[in-house]
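> okay, predicted coordinates and the sequence, questions at the end:
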Amino acid sequence: MSEALLKAENVSIVFGGLKAVSDFDFYISKGELVGLIGPNGAGKTTAFNLITGVYQPTTGSIEFNGQSIVGKKPYEITQRGIARTFQNIRLFSELSVLDNVKIAYHSHVKYGLAESVFRVGRYFAEEKKIAEESMKLLKIFKLEAHAEEQAKNLPYGAQRRLEIARALAAKPKLLLLDEPAAGMNPQETRELMDMISWIRREFGLTVLLIEHDMSLVMGICERIYVLEYGMIIANGTPKDIQANPEVIRAYLGGEA
Amino acid sequence: MNLLRKNDLIMLGLSLVIFAVLQALISTKVLSSFWELNLIIIGINVIMAASLNLINGYTGQFSLGHAGFMAVGAYTGVVMTVFFHLPFIVSLVGGAVLAGILGFLIGLPTLRLRGDYLAIATLGLGEIIRIIIMNMDYVGGAAGFKGIIHHTSFAWVFVVMLFVLFFIKNFVNSSHGRACIAIRENEIAAEAMGINTTKYKVMAFTIGAAFAGVAGGLFAHNFYIISPGSFTFLASFNYLIMVVMGGLGSITGSIAGAFVVTFISAALAAWPEFRMIIYALALILLMFYRPQGLFGYMEITSMGIFRRIFKRGHN
């Protein structure tokens, strides 16, 4: 087995009396495309928030690239190489599409405050590079024609694509996608699947995605974790998961 | 990328032409000393509005204590020139540094607050600064600081104002400024994109406070006496009105806002009973027909007219 990029052991988080995620054990190897599924309220997004530092785990350890990331702020975790999208789109909606992507280059910009204010040194070269790389990303996501539009005026599917483009601009090693296909029609979902597979190869990414659209999950994920009531009830290839009685029970209810 | 530099040069050239015209009008006494004084006040208000806009408009942190930082700059400045006989420019820098340090120290704890809570906290802190000064006998207490040497001229104000405006313009058009704007737009997303939100909020607050300090130094050396009464929360509120009237997140707007507000109160100086009514009416009408302010989130350089005029400059 190749080395684990992200490893979580015994992670639990308690909100008041509710254990939202308990004894969460999981790993992702470099280059894998892993899915995280489960019924509504199972704790999938909470798991994302734990990985990205939005929440601090009550117990347990999370390691990224061999280093613990527990207690780190979200921006520090992003700087280490984990970028995410949000279930409810969180774009910088009043800003242009291009600026949305440019902002995410933030931690890779090499000029200081004085250089930017007095427009000396690396300012112009760096700004040019950021603009070019941002346009390249927009082209990949077929957004280049909308570069100057306000992000809020994009159609829904395009906003979802922009969120992924923005996350990629942060140059992550691990990309977390929270329901990337939510609200998309079947055609858009198919295009998205192709795009995820393509960017993964092109950027050498490891991807973890939450999704309800089973055609997407079963179609592109190599391995799947199933969460229910904050606990992992299954882990395996799409084929295993589809045949797993626990999973069928969780989704369909009753005794299967 | 020469485009940016070329636009800067055009703006700088235009500013110098405006300066030359106004200075000529002042020197030849076409503009009376009343209007010269008002031009100086407009310049100072532009600095105040633009620096407050950096905090309120660009970073989205609602601050109401800007006059407090102005007071720090003003009193630091006059202490340096009157008691220590330091040159005017040194006193301006000194005032900026002290106001900036205070902004940093105040910003660090208060910027954890959001929205209304931050507004109340900064309002309170601005008042605390004023009341501390009021009780310092060293600087004259409530009676005010007397015997200030007159240093401020229209030329001083204009040059400092240009510096501040270019500083803020370049800041907001850099990665640092984009980080601030990202915080305004969506703090959670900004943090998820690797932006240290606390750092940039405090940075914007510190820079804004420092420039308020500079404006305070210019303000103080324009009169022979300053008193804490010039830096009440009503003054802070006045600067906020300039920012909102001109447009949040727009430097052009801050200039326009400072100009309009100062001009209205100066032009109506002869009819003090109508002044507040017209002032209030102007604000109500603006909020009805243009709630985003005269230039909300827009700059004159990105508008059609400007682009058409300077089309050749772009290529």
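That came in fine, so what should we check first?
> mind listing the strands for chain B?
Ranges of strands within chain B are B:145-146, B:225-226, based on DSSP state E.
> residue A:244 contacts residue A:234, correct?
Yes: contact criterion Cβ atoms under 8 Å: residue A:244 and residue A:234 qualify, at 4.8 Å. All C-beta spots, glycine's among them, are computed from the backbone N, C-alpha and C.
> intersection of neighbour lists for those two?
residue A:226 (Cβ atoms under 8 Å, 6 or more residues apart in numbering or on different chains).
> wait, what's in contact with the closest residue to chain A within chain B?
At 3.2 Å from chain A, residue B:174 is the closest residue in chain B, using Cβ to the nearest Cβ. Residues near residue B:174 by Cβ under 8 Å, 6+ apart: A:111, A:116-117, A:123, A:127.
> and if you look at residue B:242?
Neighbouring residues of residue B:242 by Cβ under 8 Å, 6+ apart: B:45, B:48-49, B:52, B:254, B:257-258, B:260-261.
> report the central residue of chain A.
Central residue of chain A (Cα atoms, centre = their mean): residue A:176, 1.7 Å from the mean position.
> show me what it is bridged to.
Per DSSP bridges, the residues bridged to residue A:176 are residue A:84, residue A:208.
> I'd guessed it sits against residue A:205; true?
No: in this structure residue A:176 lies outside contact range of residue A:205 using Cβ under 8 Å: 10.7 Å.
> so residue A:10: helix, strand or coil?
Secondary structure assignment for residue A:10 (DSSP: H, G, I helix; E, B strand; the rest coil): strand.
> contacts only, for it.
A:23-25, A:59-61.
> repeat the analysis, applying 10 Å as the threshold.
Neighbour list for residue A:10: A:22-25, A:57, A:59-61 [criterion: Cβ atoms under 10 Å, 6 or more residues apart in numbering or on different chains].
> quick one: the residue nearest to the centre of chain A and residue A:168 touch, right?
No: at 11.9 Å, residue A:176 does not count as touching residue A:168 under the criterion of Cβ atoms under 10 Å.
> identify the contacts common to these two.
A:83, A:85.
> which parts of the stretch 51-200 of chain A are helices?
Counting by DSSP state H, counting those that start in this stretch, the stretch 51-200 of chain A has these helices, from start to end: A:74-80, A:97-104, A:113-117, A:123-140, A:156-169, A:186-203.
> need the contacts of residue B:174 in CSV with neighbour count, can you?
Shown next, in CSV, are these (neighbours: other Cβ atoms under 10 Å in any protein chain shown):
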residue, neighbour count
A:111, 19
A:116, 23
A:117, 20
A:123, 24
A:127, 20
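> now for those: which two are most distant?
Comparing every pair within the contacts of residue B:174 by Cβ to Cβ identifies A:117 and A:127 as the most remote, at 13.3 Å.
> where do the contact lists of these two overlap?
B:173-174.
> list the contacts of residue A:117.
Counting by Cβ under 10 Å, 6+ apart, residue A:117 touches A:123, B:166-171, B:173-174, B:176-177, B:207.
> distance of the spatially most central residue of chain B relative to residue A:26?
Centroid-nearest residue in chain B, with Cα atoms, centre = their mean: residue B:48, separated by 1.5 Å. Between residue B:48 and residue A:26 the distance, using Cβ to Cβ, to the nearest Å, works out to 54 Å.
> any idea of the pLDDT on the nearest residue to residue A:108 once chain neighbours are set aside?
In this structure, residue A:108 finds its nearest non-sequential neighbour in residue A:171, 6.1 Å apart by Cβ to Cβ, 6 or more residues apart in numbering or on different chains. We have a pLDDT of 94 for residue A:171.
> now residue A:171: phi and psi?
As for residue A:171, its main-chain torsions (degrees, to the nearest 10) stand at phi 50, psi 60.
> in PyMOL, how would I select the buried members of the contacts of residue A:10?
Listed next is the PyMOL selection for buried residues among the contacts of residue A:10, using 16 or more other Cβ atoms under 10 Å in any protein chain shown:
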select buried, chain A and resi 22+24+57+60
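> can you redo the contacts of residue A:10 as a markdown table with pLDDT?
Formatted as a markdown table, those follow (pLDDT from 0 to 100):
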| residue | pLDDT |
| --- | --- |
| A:22 | 90 |
| A:23 | 90 |
| A:24 | 90 |
| A:25 | 91 |
| A:57 | 94 |
| A:59 | 93 |
| A:60 | 93 |
| A:61 | 94 |
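> relative to chain B, which of the contacts of residue A:10 is nearest.
Nearest to chain B among those: residue A:57, at 17.9 Å, using Cβ to the nearest Cβ.
> now that closest one. Nearest residue, chain neighbours left out?
Residue A:57 sits nearest to residue A:11 (Cβ to Cβ, 6+ apart), 4.8 Å away.
> then residue A:8?
Leaving out its chain neighbours, the residue that sits closest to residue A:8 by Cβ to Cβ, 6+ apart is residue A:62, at 4.8 Å.
> test my guess that residue B:5 contacts residue B:170.
No: counting by Cβ under 10 Å, residue B:5 sits too far from residue B:170 to count as a contact (11.2 Å).
> can you list residues touching both of those two?
When contacts are counted by Cβ under 10 Å, 6+ apart, residue B:5 and residue B:170 have residue A:119 as shared neighbours.
> please report phi then psi for the residue located most distally from the centre of chain A.
Distance to the chain centre peaks in chain A at residue A:118, reaching 36.5 Å (criterion: Cα atoms, centre = their mean). Main-chain torsions, residue A:118, degrees, to the nearest 10: phi -100, psi 10.
> what number of residues lie near the nearest residue to it once chain neighbours are set aside?
Leaving aside its sequence neighbours, residue A:118 sits nearest to residue B:170 (Cβ to Cβ, 6+ apart; 7.2 Å). Around residue B:170 sit 19 other residues, with neighbours defined as other Cβ atoms under 10 Å in any protein chain shown.
> just residue A:126 next, same as before
A total of 19 residues lie near residue A:126 under the criterion other Cβ under 10 Å.
> and if you look at residue B:10?
Residue B:10: 16 neighbours (other Cβ under 10 Å).
> same question, residue B:270
Neighbour count of residue B:270, defined by other Cβ under 10 Å: 8.
> ok, now residue A:108?
Applying other Cβ under 10 Å, we find 16 residues neighbouring residue A:108.
> just the pLDDT at it, thanks.
Predicted confidence (pLDDT) for residue A:108: 92.
> ok, residue B:315 next?
Note for residue B:315: predicted pLDDT of 35.
> can you give me the helices for chain B?
B:2-27, B:33-53, B:66-78, B:88-110, B:115-134, B:154-172, B:175-185, B:187-192, B:197-220, B:233-246, B:251-267, B:272-289, B:304-309, B:311-314 (DSSP state H).
> highest mean neighbour count out of these?
Mean neighbour count (mean count of other Cβ atoms under 10 Å in any protein chain shown) peaks for helix B:66-78 among the helices of chain B, with a mean of 31.
> average pLDDT across that helix?
Per-residue pLDDT over helix B:66-78 has a mean of 96.
> show me the domain layout of chain A.
Residue ranges for the domains of chain A, per automatic domain parsing: A:1-81+A:172-256, A:98-170.
> that older thread, so which of the contacts of residue A:117 comes closest to residue B:280?
After measuring the contacts of residue A:117 against residue B:280 - Cβ to Cβ - the closest member comes out as residue B:168, at 29.1 Å.
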